[in-house]
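Trainee: can't give you the sequence, but here's the structure:
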């Protein structure tokens, strides 16, 4: 029975709506994996991220409905949904998960388009927390920025670029337009939205029964 349960969990990772459907049980799933299959660390981490993404309270019920509504066709459900699952699964810190949740809120509110959303999330996933913190602290600085290890990291992910040399021949840098989008739509407000400030393990649609929200998801895609 436990082996069948593990197989079922593995199959879920291929379908976005199934992930959403099981988000309310994410804590139970990750507890099961930790106790019964401790060798499946990556699967546990995936469900831990799903738990925090959907159940932290940062995404409102309306945000979640809008997110599902963004997947307007069967093809988009498969392709875009799996890209979102892949993004969530690769996040290695709670801070970066909050950044991605903030970007998700910006996307569902149409503050950014889908291309911007995935570019922002990809950069966040590929960056160090320390580099993103440096970005947020210096994004409004005027003039060129001298080299630092943080700038080196930001240059690697496309958030800073070399622009000039100082009088001593040392390189100078500026932040790219993408870095300003990352700061505006993902990093700003992240302190107030820290994971630890919220109650984890609320249902995906609070105040709505499992059957009710499953019907609501089905209605969006024309399924009963």
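Mentor: Great, that's in hand. Here the structure is a predicted model, which means the values were calculated and not measured. Residues are numbered from 1 along each chain as shown.
Trainee: Which elements pack onto the lengthiest helix in the chain?
Mentor: For the chain, the helix that runs over the most residues, judged by DSSP state H, is helix 74-90. Here helix 74-90 touches helix 16-22, helix 41-55, helix 94-108, helix 114-126, going by 3 or more Cβ pairs under 8 Å, 6 or more residues apart in numbering; DSSP states H and E. Just so you know, the C-beta spots here come from the backbone N, C-alpha and C atoms, and that holds for glycine as well.
Trainee: try 6 Å this time
Mentor: On a contact count with 3 or more Cβ pairs under 6 Å, 6 or more residues apart in numbering; DSSP states H and E, helix 74-90 meets helix 16-22, helix 41-55.
Trainee: least reliable of these going by mean pLDDT?
Mentor: Across these, helix 16-22 has the smallest mean pLDDT, namely a mean of 60.
Trainee: Could you pull up the residues touching residue 144?
Mentor: 163-164, 172 (Cβ atoms under 6 Å, 6 or more residues apart in numbering).
Trainee: pLDDT value on it, please?
Mentor: pLDDT, residue 144: 90.
Trainee: Compute the number of surrounding residues for residue 110.
Mentor: Residues lying near residue 110 (other Cβ atoms under 10 Å) number 9.
Trainee: actually residue 43, sorry about that
Mentor: Counted with other Cβ under 10 Å, residue 43 comes out at 19.
Trainee: For residue 113, give me the backbone phi and psi.
Mentor: Backbone geometry at residue 113, expressed as degrees, to the nearest 10, gives phi -90, psi 180.
Trainee: How about residue 172?
Mentor: Backbone torsions of residue 172, given as degrees, to the nearest 10, read phi -120, psi 150.
Trainee: residues contacting it?
Mentor: Going by Cβ under 6 Å, 6+ apart, the list of residues near residue 172 reads 144, 163-164, 166.
Trainee: and it, what are its bridge partners?
Mentor: residue 146, residue 164 (DSSP bridges).
Trainee: hmm, back to that, angle of the longest helix of the chain against helix 94-108?
Mentor: With axes from the mean of the first three to the mean of the last three Cα atoms, to 10 degrees defining the directions, helix 74-90 sits at 160 degrees from helix 94-108.
Trainee: Show me the shaky parts of this protein.
Mentor: Low-confidence segments of the chain (pLDDT under 70): 1-42, 72-77, 189-224.
Trainee: domains of it?
Mentor: The chain breaks down by automatic domain parsing into domains covering 1-90+198-224, 93-197.
Trainee: how close does the nearest residue to residue 128 once chain neighbours are set aside sit to residue 70?
Mentor: Closest residue to residue 128 apart from its sequence neighbours, by Cβ to Cβ, 6 or more residues apart in numbering: residue 153 at 5.7 Å. Applying Cβ to Cβ, to the nearest Å, the value for residue 153 to residue 70 is 31 Å.
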